[in-house]
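# mind looking at a prediction? Sequence and model below.
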Amino acid sequence: MTTPREEAARWFIRMHRDAGAQPGAADAAAWRTWMDADPRHAAEYAAFEALWQDFDSTPRTEALATAVNTAARQRRNTRSNTRRAAITRGVLGVAGLGTAGLLAWRGWLEWQDATVFALARDSAIGERIVLNLPDASVLTLGPASRIATRYTRRQRAVVLEQGEALFDVARDADRHFTIDAGQARITVLGTRFTVNRLLGLVRVSVEHGTVRLAVKGADGAPSLLLQAGEVGELPDESAGAAPGAAPGAAPGADGAHASTLPRRVQRDARDSFSSIERGLIVFDSAGLGEIAATLSRWRRQPVRAAVADGTGGPRITAAVQRADVESFLDALPRIAAVRVQERDGATWLAPRSTAPEKIRKN
């Protein structure tokens, strides 16, 4: 035999099954008959109604969470078939984790997942923006970059839609900090690192702490743990093939990667911080695609890489101050086997060994 509280819980779910919709005439009539049959019915139903409308009240919802967790522990520990009363009458007053417990749990999860902070910003070419987040984390947005941030009571999430950013994440053991960048997902508790979205590639550089780099949405797939001073890369098909990628090659900076899994690379992690913090652009054996994408963040006229089929082009190591971008482009043909051409409103980079008429635009 069910109790009035359990019946009230079932009626409450039935009457609120479709958010914003009115119950049908038959349901309404049956509900009214049940309410009038016993004074306890109306009292129990009113308690559910009051609680449901008060889910945005932090003290009461936290009390509900505690009660639900206590009930779950009791249910795990008992071996009898008797379901103990797990939530107090002042909160729900329902025995066990039956229908009413599921209702309470759903409401608690909705409260946990409600947005408590949201921010979307984009930076102009050559601009860097420092953003102070409500958890004391600091996000520095690089030039020509765009992010969207959303915090809930149990998660801190950022989407790096374009460009690069430096993250100084405050530790919060109850809420992981995640960054989605194309096909990459980066997860941390508290650390300092950068994320750079290049064409066909996501690069993560860690200054201190530990960062997990994985393929977004690929549950069970191998992930990579990066420690202080380490750099990891992940091919990113969502950004398209990188300029200079050979036909059939896996995505990656200038077709350098043959795997879609994250991998550790031999680079100086400090190089990735210098661009955002000091405007010093560092290229470490960079292909023309990476050079073009990076320089385009610092000048109005975009830079494009034009590479002959099957040719990755030269690799270049250099350090360039933001004020010297134009001088670097002028000097590039003298320091590497690169042709620089102005056409179609862009500056094009191509291997010098490639004849102009054979250059393919990407």
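Arrived safely. Quick caveat: nothing in here was measured; it's all calculated off a predicted structure.

# okay, residue 307 and residue 336: tell me how far apart.
From residue 307 across to residue 336, the span is 14 Å (Cβ to Cβ, to the nearest Å). Every residue, glycine included, has its C-beta placed from N, CA and C.

# the two: which has the busier surroundings?
residue 307 (26 against 18; other Cβ atoms under 10 Å).

# where do the strands sit along the stretch 201-350 of the chain?
201-208, 211-215, 224-226, 231-235, 263-265, 280-286, 303-305, 316-321, 338-343, 346-351 (DSSP state E, counting those that start in this stretch).

# the longest one pairs with which strands?
Put plainly, it is strand 201-208. Strand 201-208 pairs in its sheet with strand 192-198 (antiparallel), strand 231-235 (antiparallel), by DSSP bridges.

# quick one: residues in contact with it.
The contact list for strand 201-208 (Cβ atoms under 8 Å, 6 or more residues apart in numbering) reads 181-184, 186, 191-196, 211, 213, 226-236, 239, 242, 251-253, 257, 267, 269-273, 290.

# returning to what we had before: which among the strands of the stretch 201-350 of the chain is found nearest to residue 159?
Shortest distance between residue 159 and the strands of the stretch 201-350 of the chain, using Cβ to Cβ, is found for strand 201-208: 12.3 Å.

# low pLDDT regions in the stretch 251-362 of the chain?
For the stretch 251-362 of the chain, applying pLDDT under 70 flags the ranges 251-259, 308-312, 354-362.

# go again with 50.
251-258, 308-310, 357-362 (pLDDT under 50).

# next, count neighbours for residue 162.
Residue 162 has 17 nearby residues by other Cβ under 10 Å.

# partners of it in the sheet?
residue 146.

# just to check, it is in contact with residue 144?
Yes. Contact criterion Cβ atoms under 8 Å: residue 162 and residue 144 qualify, at 7.1 Å.

# give the residues shared as contacts by these two.
Common neighbours of residue 162 and residue 144 (Cβ under 8 Å, 6+ apart) do not exist.

# list the contacts for residue 267?
With Cβ under 8 Å, 6+ apart, residue 267 has these contacts: 205, 231, 284.

# just put the strands of the stretch 201-350 of the chain in a markdown table and tack on mean neighbour count and distance to residue 128.
Listed next are those as a markdown table, based on neighbours: other Cβ atoms under 10 Å; distance: least, Cβ to Cβ, whole Å:
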| stretch | mean neighbour count | distance to residue 128 |
| --- | --- | --- |
| strand 201-208 | 23 | 17 |
| strand 211-215 | 22 | 22 |
| strand 224-226 | 19 | 24 |
| strand 231-235 | 26 | 21 |
| strand 263-265 | 15 | 25 |
| strand 280-286 | 18 | 12 |
| strand 303-305 | 22 | 19 |
| strand 316-321 | 16 | 14 |
| strand 338-343 | 14 | 26 |
| strand 346-351 | 22 | 22 |
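
# closest to residue 4 out of these?
strand 211-215 (49.4 Å).

# which strands border that closest one, and is each parallel or antiparallel?
strand 184-188 (antiparallel), strand 224-226 (antiparallel).

# got JSON lines for these, with distance to residue 45 and mean pLDDT too?
Output for these, formatted as JSON lines (distance: least, Cβ to Cβ, whole Å; pLDDT from 0 to 100):
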{"stretch": "strand 184-188", "distance to residue 45": "43", "mean pLDDT": "94"}
{"stretch": "strand 224-226", "distance to residue 45": "52", "mean pLDDT": "94"}
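
# make TSV out of those strands and add distance to residue 154.
Formatted as TSV, these follow (distance: least, Cβ to Cβ, whole Å):
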stretch	distance to residue 154
strand 184-188	14
strand 224-226	23
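
# among the ones you listed, which is nearest residue 296?
Per Cβ to Cβ, nearest to residue 296 of the strands paired with strand 211-215: strand 184-188, 20.8 Å.

# put the alpha carbons of that closest one into PDB.
C-alpha atoms of strand 184-188 as PDB (Å, rounded to 0.1, in the frame of the first residue of the first chain):
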ATOM      1  CA  ALA A 184      40.500  18.700 -28.300                       C
ATOM      2  CA  ARG A 185      39.300  18.700 -24.700                       C
ATOM      3  CA  ILE A 186      41.700  20.000 -22.000                       C
ATOM      4  CA  THR A 187      40.800  19.200 -18.300                       C
ATOM      5  CA  VAL A 188      42.500  20.700 -15.200                       C
END
